[in-house]
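S.K.: Pasting the sequence and the predicted model now:
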Amino acid sequence: MKRASMRALLRLIGIMLVAQVHVTRAQVVNGTILGTVRDPTGAIMAAAAFPFFLWSRLSAAEGSARLALAGQVTSMEEGPMEGVLVSVRQDGSPTTITVVTDGQGRYGFPSARVATGHYAIRIRAVGFDLDGPKAVDVAADKTATADLTLRKTKNIVSQLTDAEWLASIPGTESQKKQLLGCTNCHTLERTLTSTHDADDFMGVLERMASYANMSFPLHPQTRVSAPDLVRRFGAGTDDLARYLASINLSSSRDLPFALKTLPRPTGPSTRVIITEYDLPRKTIEPHDVIVDADGIVWFSNFGEQFLGRLDPKTATFTEYPVPLSRPGFPTGMLDLETDLEGNLWLSMMYQNGIARFEKKTETFKIWSVPPEFTNSETQQSMVGPQHWEVDGKVWLNDAGTPSAIYRMDMASGKFERWTPYKDLPPGPHSVYGIYSDSKNNLFFLDFGGENVGKIDAKTGKLTLFPTPTPRSRPRRGRMDGQDRLWFGEFYGGKIGMFDTRTEKFQEWSVPTPHTAPYDVVLDKNGEVWGAGMEADRIMRMDPKTARFIEYLLPRQTNIRRVFVDNSTTPVTFWVGNNESASIIKLEPLQ
């Protein structure tokens, strides 16, 4: 063998040793890596084939024959690293693109997603920081290379998800679940790295209870009604204050427990492209995000009196001011729904009532709950216009005190009222997610307790169906085309389904502890998508096999409503980052 050829061969073997690729080769069918088999030709064949595998994995979904940027992620501790999120953002752009490294630590950005320019690079891999490089130039018609080196972090505290904090702290499950009330507004890092003692925490809890639901550190809003510690944090506030003081930094410079982390993504969880659109103000809270038939993104602003619009093709952002109904009360809206005519409907929260936005005229029509039904705690968090065409009536809730459901006749403006828990023993019950079936019967979720409720549209009869899991706290979900209600069990740690025709339940436990599922939806392929506020992970489940795939998001994400765009293949998942003023598009590559 010639000396030059021998040197080339040795270089290839060296690459394979660094990459820790063994004598296997991947089986690829239609651009999808199915598994590995023994390769009698050795590791050199695997190394030579890898660029094709990476290209085929991405180009199958992208229709692109070229990568604009590619590289490998390694660390001294692990060598090539799978499951590292690599994000790039072009100078001056509001958009960040993220991919995930595969089993050999390789990543690639398709040219259809990354244009010519200068890009900042960031990563997410718990326990590690990016050592370098931290920027790259991408040229036209040429694949740029950026091999990234990671180093062990000196500040893992700032990298933990709330689910990892909950897994780390000592205490009973009941104690830990009380902390889920904290993460409505901020991360647990703020709580657990504080130095408050038990007396301090009593004052903090009272102050927290005075804030409205849509508050977060950049935009706190005060309730008009007096603080209710029991309703906000449950019974035993003194015990909660003592518990918090026992697990923070009040008595030591070091946390009194070991920190636990979740594993990085592997296998199918790495096959994804994530796009994040930053909104122009840090105080914007994109609570509910949906996509219309024209591909335009709409969202409710949880803390400000605006309906938001985003054109993802141009990243153009528009706001439509929503009229105030109750000056002096907290601003912002929660639920965003559509009707069969394509109109958008908003629940007005403390501003009382519901609003319909006609896209053609760009005008709002407001319906307010009658004064005899309102008080200082009145909040319409949900609206159910999905099938008003059946009988001309729209459903809405009141998540205040007392918890109630209303049905409004659109022609007359007349309101009917139900108080579903008035005959139950005293206990934590509330009306949260509401959804009408194809006959405009209403089904609602008892977020305070464990029930799915029904109101018959013709008779007005109200029935409660308890979930198989006690105190599951069903929160939000979606009615599918077969009149089955899919929902997240916030305390139960499960995805639930209630067949409204057979009145039977099914439940599936989610894979990551302390996820606290918030919302779920069924896609056109029969898969269920969902998420919670704690783990920064999007769940994808096949209900036939109970197989889950979880996709880690590029940064801390306060997730609320989830949405699936079924017009694409594969489907596209959308969600808002409610406390970081951004909208996220997630595209699975298979």
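M.R.: Noted; the coordinates are in hand. Residues are numbered from 1 along each chain as shown.
S.K.: leaving aside the residues next to it on the chain, what's closest to Phe563?
M.R.: Trp574 (4.5 Å; CB to CB, 6 or more residues apart in numbering). To be clear about C-beta, it is placed using only N, CA and C from the backbone, and glycine gets the same treatment.
S.K.: From Ile405, how far out is the one you found?
M.R.: Separation of Trp574 from Ile405 (CB to CB, to the nearest Å): 28 Å.
S.K.: try Leu336
M.R.: From Leu336 to Ile405 the distance is 19 Å (CB to CB).
S.K.: Neighbour count: these two, which is higher?
M.R.: Legend: neighbour count by other CB atoms under 10 Å for Leu336 and Ile405, higher for Leu336 (25 against 22).
S.K.: Ile354: neighbour count?
M.R.: Neighbour number of Ile354 under other CB under 10 Å is 28.
S.K.: Quick check, pLDDT for it.
M.R.: For Ile354, the model assigns a pLDDT of 98.
S.K.: which residues touch the nearest residue to it once chain neighbours are set aside?
M.R.: Among residues not flanking Ile354 along the chain, Val383 sits closest, at 4.6 Å (CB to CB, 6+ apart). Counting by CB atoms under 8 Å, 6 or more residues apart in numbering, Val383 makes contact with Asp335, Glu337, Trp345, Leu346, Ser347, Ile354, Val394, Trp395, Leu396, Asn397, Ile434.
S.K.: same question, Gly526
M.R.: Asp542, Pro543, Lys544.
S.K.: Backbone dihedrals for it, please?
M.R.: With angles defined as degrees, to the nearest 10, Gly526 sits at phi 80, psi 10.
S.K.: Quick check: the gap between it and Thr467.
M.R.: 22 Å.
S.K.: Also Leu324?
M.R.: Separation of Leu324 from Thr467 (CB to CB): 38 Å.
S.K.: Of those two, which one has the most company?
M.R.: Between Leu324 and Thr467, counted using other CB under 10 Å, the more crowded position is Thr467 (23 against 14).
S.K.: What score does Val230 have for pLDDT?
M.R.: The model reports Val230 with a pLDDT of 71.
S.K.: Then Gly35?
M.R.: 34.
S.K.: where does this structure have low pLDDT?
M.R.: Where the chain drops to pLDDT under 70, the residues are 1-65, 234-235.
S.K.: the helices in it, which residues?
M.R.: 3-19, 43-62, 162-168, 173-178, 188-192, 198-209, 229-233, 237-246 (DSSP state H).
S.K.: Confirm for me that Arg232 is in contact with Ala209.
M.R.: Yes: taking contacts as CB atoms under 8 Å, Arg232 lies within contact range of Ala209: 4.2 Å.
S.K.: Now intersect the contacts of Val383 with the strands, please.
M.R.: In this view, the contacts of Val383 that belong to strands under DSSP state E are Glu337, Trp345, Leu346, Ser347, Ile354, Val394, Trp395, Leu396, Asn397, Ile434.
S.K.: okay, now Gly453: neighbour count?
M.R.: Going by other CB under 10 Å, the residues that sit close to Gly453 add up to 22.
S.K.: typo on my end, it should be Ser168
M.R.: 17.
S.K.: contacting residues for it?
M.R.: Residues in contact with Ser168 (CB under 8 Å, 6+ apart) are Leu160, Phe257, Ala258, Leu259, Lys260.
S.K.: Let's see the PyMOL selection covering just the buried ones among those residues.
M.R.: In PyMOL, a selection of the buried entries from these looks like this (16 or more other CB atoms under 10 Å):
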select buried, resi 160+259
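S.K.: Could you dump the contacts of Ser168 into TSV and include distance to Thr512?
M.R.: Listed next are the contacts of Ser168 as TSV, based on distance: CB to CB, whole Å:
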residue	distance to Thr512
Leu160	14
Phe257	19
Ala258	19
Leu259	16
Lys260	12
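S.K.: Would you agree Tyr435 is in contact with Pro385?
M.R.: No: using CB under 8 Å, Tyr435 makes no contact with Pro385, being 10.7 Å away.
S.K.: Between these two, which contacts overlap?
M.R.: Counting by CB under 8 Å, 6+ apart, nothing touches both Tyr435 and Pro385.
S.K.: roughly how far is stretch 251-265 from the heart of the chain?
M.R.: 23 Å (CA atoms, centre = their mean, to the nearest Å).
S.K.: Output it as PDB, nothing but the C-alphas.
M.R.: C-alpha atoms of stretch 251-265 as PDB (Å, rounded to 0.1, in the frame of the first residue of the first chain):
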ATOM      1  CA  SER A 251     -29.700  27.900  57.000                       C
ATOM      2  CA  SER A 252     -26.800  27.000  54.800                       C
ATOM      3  CA  ARG A 253     -24.700  28.300  51.900                       C
ATOM      4  CA  ASP A 254     -25.300  25.000  50.200                       C
ATOM      5  CA  LEU A 255     -28.600  23.400  49.200                       C
ATOM      6  CA  PRO A 256     -29.500  20.700  51.700                       C
ATOM      7  CA  PHE A 257     -30.000  18.000  49.000                       C
ATOM      8  CA  ALA A 258     -28.200  16.500  46.000                       C
ATOM      9  CA  LEU A 259     -29.200  17.800  42.600                       C
ATOM     10  CA  LYS A 260     -30.700  15.300  40.100                       C
ATOM     11  CA  THR A 261     -30.900  15.700  36.400                       C
ATOM     12  CA  LEU A 262     -32.900  14.100  33.600                       C
ATOM     13  CA  PRO A 263     -31.100  12.200  30.800                       C
ATOM     14  CA  ARG A 264     -30.500  14.000  27.500                       C
ATOM     15  CA  PRO A 265     -32.600  13.000  24.400                       C
END
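S.K.: List of residues touching that stretch?
M.R.: With CB under 8 Å, 6+ apart as the criterion, stretch 251-265 contacts 81-85, 100, 125-127, 156-157, 160-161, 163-164, 167-170, 192-193, 197, 245-249, 512, 535, 550-552.
S.K.: Show me how to select, in PyMOL, the buried members of those.
M.R.: Those of those that count as buried under 16+ other CB under 10 Å are selected in PyMOL with:
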select buried, resi 81+82+83+84+85+100+125+126+127+160+161+163+164+167+168+169+192+197+245+246+247+248+512+535+550+551+552
